[in-house]
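Quick one: sequence and predicted model below, then my questions.
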Amino acid sequence: MAELKADVLVLGAGMVGVSAALHLQQRGRDVILVDKHELAGEETSFGNAGMVECASVFPYMFPRDFAQIVRYALNRSPQVRYRFSDLPDFLPWVVRYFLASSPDRALHSAMSELPLIRRSLIEHEALVAEADVPELLRRTGWLKLFRSDASLASAVRDFERAKQFGVAGEVLDQKAIAAREPNLTGQFAGAVYLPAPGFVPDPGALAKAYAALFKRKGGRFAVADARTLEQGAGGWRITGNDGAAVARDVVVALGPWSDLVFRPLGYRIPLGVKRGYHLHLAPRGNAVLHHPILDFDLGYMLAPMNRGIRLTTGVEFAHRDAPPTPIQLQRALPRARALFPLGEAIDANPWKGARPCLPDMLPVIGKAPRHAGLWFDFGHQHHGLTLGPVSGRLLAELMTGETPFADPTPYAAGRFG
Ligand SMILES: Cc1cc2nc3c(=O)[nH]c(=O)nc-3n(C[C@H](O)[C@H](O)[C@H](O)COP(=O)(O)OP(=O)(O)OC[C@H]3O[C@@H](n4cnc5c(N)ncnc54)[C@H](O)[C@@H]3O)c2cc1C
C-alpha cells in the first residue's frame, strides 16, 4: 500500500474487529481493517465451538466450591487444566479472577453483560441477512448433558435463575435426550436443552463473509503488523510491507494479542488467556449429530460443523504462546467416541487458540483513557463469537457520538485503575 488515508483503522480482523468495522462503516466512517493475515477470521474466531450464546446469562466465573478448587489445584478436572511450568505467568491473573468471582461481583458481571448477551443474536441475524449467508447461522439451540445427579441439580438451579431473565429451555430425562439425539450412547442424569442460541457451522467462514460484506460496501483491508502503530501529527499510522495507513482514530481489536499494542502505550490492563483446542472427526456411517452438545462432567463439546464433528476442549491456563499441550483433547477423545459414533480424525493436528479474558469476564469496549483517538474492543472471553457484532454496534455508537443502546460504563478500560 502507498500511504492510505481513512477515518478509522481497525486493528484485528477477527469476529470482533470485522464487526466493529462494519458498524463504523454503517455510520459513514471510512475504515481500513488491518490484520497480520491476508484473510479475516483466521485465529480465535476460526476455532471456537460456534455457539451464539444468547441464553448464557451467567459468565464463566471461577468456582467457589472448595472440592472443585482442589480438583483444579491437583490438575484433575477435565474442564480446566494448567501448565505447571507457566504457573508464575498466570497465577497472579488467576488470583484476580478468583477475587472477581465472589457471588456479588459475579452477579455484577452477569448483569453488566446482559444487555450485550440479549442483543447478540439479533445483531448476528442482521449481519447474516446483509451478507446473504443464512446457511452460516442455524437455530438448533444446544444440549448440555450431565452425568451426575449433583451436576444436573446445579445446572437446573442455574437454569431456574436464568429463566428469571427470560431464558427458555427444558430439562430432559434419558428418554427425551434419546428422542433429540438418537445416536448418543451413555448413562445421563439428564440434560438442559436451550433452544434459542444460534449455531455457526463454520465460524471462520462467518468472519470472512462479514469481511466480504465490508469490502463490497467500499471498506479496505490492509496486511500489517499492529505493533508498528505510531501516533503522530496526522493521527495514528500503521506500516506494512506495501506502505502505510493513517487515520484519526484507531480501534484495538486484536483479541488475545491486544496487549501487544496497549502495553507499549502504557496501559496496564490485566488481559489473560484461557487456551483451548479443537479437532474435527468424521461421523461414522450415517450418524447425525443434530445439536452442539456439551458433555459437562467430562469437560468437552461436540459440534456438527461443516468440516466434520468439532471436538472442543475446556480451559487450559498456560502462556499464550507456549507450545500446544493438548492433553485435555487426548483425554476427551475416547469419551467422545463412547458418546457418539466418531470415525477418523480429519485434521492432521489439533488446533490451539486462546480466549482473551479480563478477570471480571467483561470485555473492554470504549475510549482509551489517555490517548486521543485510541479505542478498545477486546477481551470477549468465552463469548467473542457471540458478542462481536453487538460490541461493534456499541463501540461505533460511542465513536460517532450516538446515544449508546447500553450503558458502556462496565466495559470501560478505566475500571482497572
Ligand atoms: C476452544 C474455544 C471455544 C470457544 N467457543 C466459543 C463459542 O462457542 N461461542 C463464543 O461466542 N465464543 C467462543 N469462544 C471465544 C471466541 O472464539 C473468542 O472470544 C473470539 O474469537 C475473540 O475474537 P477476536 O476477534 O477478539 O479475536 P481473534 O479472532 O483472535 O482476532 C484477533 C485478530 O488479530 C490479529 N492479530 C494478532 N496479532 C496481530 C498483529 N501483531 N498484527 C496484526 N494483526 C494481528 C489476528 O490475526 C486475528 O485475526 C471460544 C474460544 C475457544 C478458544
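Happy to help now that I have it. What you see is a predicted model, and the numbers here were worked out from it, not measured in a lab. Numbering: from 1, shown residues only.

and residue 397, how many neighbours does it have?
17 (other CB atoms under 10 Å). Any C-beta I mention is one placed from the backbone N, CA and C, and that applies to glycine too.

Flag every buried residue along the host helix or strand of it.
Secondary structure assignment for residue 397, by DSSP states H and E: helix 384-399. Across helix 384-399, burial judged by 16 or more other CB atoms under 10 Å covers 384-399.

filter those by proximity to the ligand?
Checking the buried residues of helix 384-399 against the ligand by CB under 6 Å from any ligand atom, the ones in range are 384, 385, 386.

picking up where we left off before, just the CA trace of the helix holding residue 397, in CSV.
The C-alpha coordinates for helix 384-399 follow below in CSV (Å, rounded to 0.1, in the frame of the first residue of the first chain):
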residue,chain,number,x,y,z
GLY,A,384,-16.4,-13.4,21.4
LEU,A,385,-18.2,-15.1,18.5
THR,A,386,-21.5,-14.3,20.3
LEU,A,387,-20.6,-10.7,21.3
GLY,A,388,-18.6,-9.5,18.2
PRO,A,389,-21.4,-7.8,16.3
VAL,A,390,-23.2,-6.3,19.4
SER,A,391,-19.9,-4.9,20.7
GLY,A,392,-19.2,-3.4,17.3
ARG,A,393,-22.5,-1.6,17.5
LEU,A,394,-21.8,-0.2,21.0
LEU,A,395,-18.3,0.9,20.0
ALA,A,396,-19.4,2.5,16.8
GLU,A,397,-22.2,4.3,18.7
LEU,A,398,-19.7,5.7,21.2
MET,A,399,-17.2,6.7,18.5
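
What are the boundaries of the helices in the stretch 251-400 of the chain?
259-262, 327-339, 384-399 (DSSP state H, counting those that start in this stretch).

how many neighbours does the closest residue to the ligand within the stretch 1-150 of the chain have?
The nearest approach of the stretch 1-150 of the chain to the ligand comes at residue 14, 2.2 Å away (CB to the nearest ligand atom). Around residue 14 sit 30 other residues, with neighbours defined as other CB under 10 Å.

Might one say that it is in contact with residue 257?
No: using CB atoms under 8 Å, residue 14 makes no contact with residue 257, being 9.7 Å away.

now check stretch 323-340, is it near the ligand?
No: applying CB under 6 Å from any ligand atom, one finds stretch 323-340 separated from the ligand by no less than 10.0 Å.

Report the buried residues of that stretch.
325, 326, 328, 329, 331, 332, 333, 335, 336, 339, 340.

Which of the three states applies to the closest residue to the fifth one other than its chain neighbours?
In space, not counting the residues next to it along the chain, residue 331 is nearest to residue 78; the distance is 6.4 Å by CB to CB, 6 or more residues apart in numbering. Classification of residue 78 into helix, strand or coil gives coil, according to DSSP: H, G, I helix; E, B strand; the rest coil.

Which parts of the stretch 51-200 of the chain are helices?
Going by DSSP H, counting those that start in this stretch, the stretch 51-200 of the chain shows helices at 66-73, 87-99, 103-131, 149-163, 174-180.

sorry, back to before: got a list of what the residue nearest to residue 331 touches?
297, 298, 299, 300, 314, 328, 331, 332 (CB atoms under 8 Å, 6 or more residues apart in numbering).

Dump these to CSV, plus pLDDT.
Putting the contacts of residue 78 into CSV (pLDDT from 0 to 100) gives the following:
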residue, pLDDT
297, 96
298, 96
299, 95
300, 98
314, 96
328, 95
331, 95
332, 96
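
Max pairwise distance over those residues: which two?
The span of those, defined through CB to CB, is set by 297 and 328 at 13.8 Å.

buried stuff in the longest strand along the chain?
Using DSSP state E to define each element, the chain has its longest strand at strand 272-283. Neighbour-count burial for strand 272-283 flags 272, 273, 274, 275, 276, 277, 278, 279, 280, 281, 283 (criterion: 16+ other CB under 10 Å).

same deal with stretch 118-135?
Residues of stretch 118-135 classed as buried by neighbour count (16+ other CB under 10 Å): 118, 119, 120, 121, 123, 124, 125, 127, 128, 131, 133.

Name the helix or strand for the closest residue to the last one other than its chain neighbours, please.
In this structure, residue 133 finds its nearest non-sequential neighbour in residue 209, 4.4 Å apart by CB to CB, 6+ apart. In the assignment (DSSP H and E), residue 209 maps to helix 203-216.

tell me which residues of stretch 77-89 are tucked away?
Going by neighbour count (16+ other CB under 10 Å), the buried part of stretch 77-89 is 77, 78, 79, 80, 81, 82, 83, 86.

Quick one: neighbours of residue 105, just the number.
That count, for residue 105 with other CB under 10 Å as the rule, works out to 15.

pretty sure it contacts residue 360?
Yes: contact criterion CB under 8 Å: residue 105 and residue 360 qualify, at 6.8 Å.

Can you pull the residues of the stretch 101-250 of the chain lying near the ligand?
Within the stretch 101-250 of the chain, the positions near the ligand by CB under 6 Å from any ligand atom are 225, 226, 227.

Which of those residues fall within helices?
The helices, defined by DSSP state H, take in nothing from those.

What about the residues you listed, which one has the most neighbours?
The most crowded member of those, judged by other CB under 10 Å, is residue 226 (20 neighbours).

OK, contacts around it?
11, 12, 34, 36, 238, 252, 254, 257, 260, 261.

Could you list the low-pLDDT ranges of the stretch 51-200 of the chain?
Along the stretch 51-200 of the chain, segments meeting pLDDT under 70 are nowhere present.

can we see that at 90?
63-78, 84, 89 (pLDDT under 90).

Disregarding residues adjacent in the polypeptide, which is nearest to the residue of the stretch 1-150 of the chain closest to the ligand?
Closest to residue 14 by CB to CB, 6+ apart is residue 45, at 3.9 Å.

Now for that neighbour, how many residues are close by?
29.

State the helix or strand in which it lies.
helix 44-47.

which strands and helices sit next to that helix?
Judged by 3 or more CB pairs under 8 Å, 6 or more residues apart in numbering; DSSP states H and E, the packing partners of helix 44-47 are helix 203-216, strand 351-357, helix 384-399.
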